[in-house]
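Undergrad: model this:
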Amino acid sequence: MANRPVRPLLHRIKHLLKSGAVREPLWYEALCRIPPEDPNPNVPKPPIISYPEDALVRDYRLRHPEANKIPVKMLSDEMHVVRKFAIRQHELMQSCYSKEEAFQLAQKEFGDELAEASTPIAVKSALSSIQSMEEEYIKEALSFVPRLKQAPVREAAVIQTDTEAESEMENAPNKKKKQQPIKEKKKK
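TA: Take a look at the predicted model:
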């Protein structure tokens with residue numbers, strides 16, 4: 001609905017006003033005085049901007065789908081590892097290597113960096129560092145509340161299996177309370 005041109009709206013509102021289906025909106029006079037310009041449908045689409053290494057990045061991601069899981073550091077000026085790899089491959093291709101030879105050479109150069117970035121350990125360490133930062137914020141926030149007892153932020157949950165629970169009940173002394181009969185109140 002947002003992509004519809006405004007002129008058809010003006011045209012439709014005129015017909016609705018003539019038929020008496022709606023009251024005149026407050027903006028109607030202003031729109032009649034200064035109608036919006038028609039969007040020109042013949043305006044050419046902007047060109048698609050692509051870099052020479054874009055095809056190489058696509059090719060790398062097709063060969064190594066795990067590269068799609070490498071996180072992008074949004075606050076860093078450093079380029080993504082796959083983009084660096086593709087730029088280096090493109091440089092090697094310009095210096096008289098074939099695409100496959102350049103790929104192999106770039107893979108040797110960036111092997112450690114790519115392997116380190118694509119390991120799930122890196123993701124886990126990032127998550128654990130974020131969690132530790134959150135724990136510090138929580139501890140700091142709780143330090144401002146003197147009346148509340150400060151409980152540990154993260155405690156390991158103790159999970160008992162059914163067999164452990166049964167063995168504890170067997171070892172516990174039998175201290176069952178005898179059920180006492182319910183006394184009924186006598187009506188007077």
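Undergrad: for this structure, what are the low-confidence residue spans?
TA: Across the chain, the stretches falling below the confidence threshold (pLDDT under 70) are 1-8, 38-39, 118-124, 145-188.
Undergrad: the longest helix in it is where?
TA: Looking across the chain with DSSP state H, the single longest helix is helix 120-143.
Undergrad: Just give the nearest non-adjacent residue to residue 81, would you?
TA: With C-beta to C-beta, 6 or more residues apart in numbering as the measure, residue 117 is the residue that lies nearest to residue 81, at 4.8 Å, once sequence neighbours are left out. Any C-beta I mention is one placed from the backbone N, CA and C, and that applies to glycine too.
Undergrad: Could you give the number of residues near the one you found?
TA: One way to gauge burial is a neighbour count; for residue 117, by other C-beta atoms under 10 Å, it gives 18.
Undergrad: where's it, which helix or strand?
TA: Counting by DSSP states H and E, the element that carries residue 117 is helix 99-118.
Undergrad: other SSEs contacting that helix?
TA: For helix 99-118, the packing partners by 3 or more C-beta pairs under 8 Å, 6 or more residues apart in numbering; DSSP states H and E come out as helix 81-94.
Undergrad: What are the buried residues along the helix it packs on?
TA: Buried residues in helix 81-94, counted by 16 or more other C-beta atoms under 10 Å: 81, 82, 83, 84, 85, 86, 87, 88, 89, 90, 92, 93.
Undergrad: Output the contacting helices and strands for it.
TA: When contacts are defined as 3+ C-beta pairs under 8 Å, 6+ apart, helix 81-94 packs onto helix 54-63, helix 99-118.
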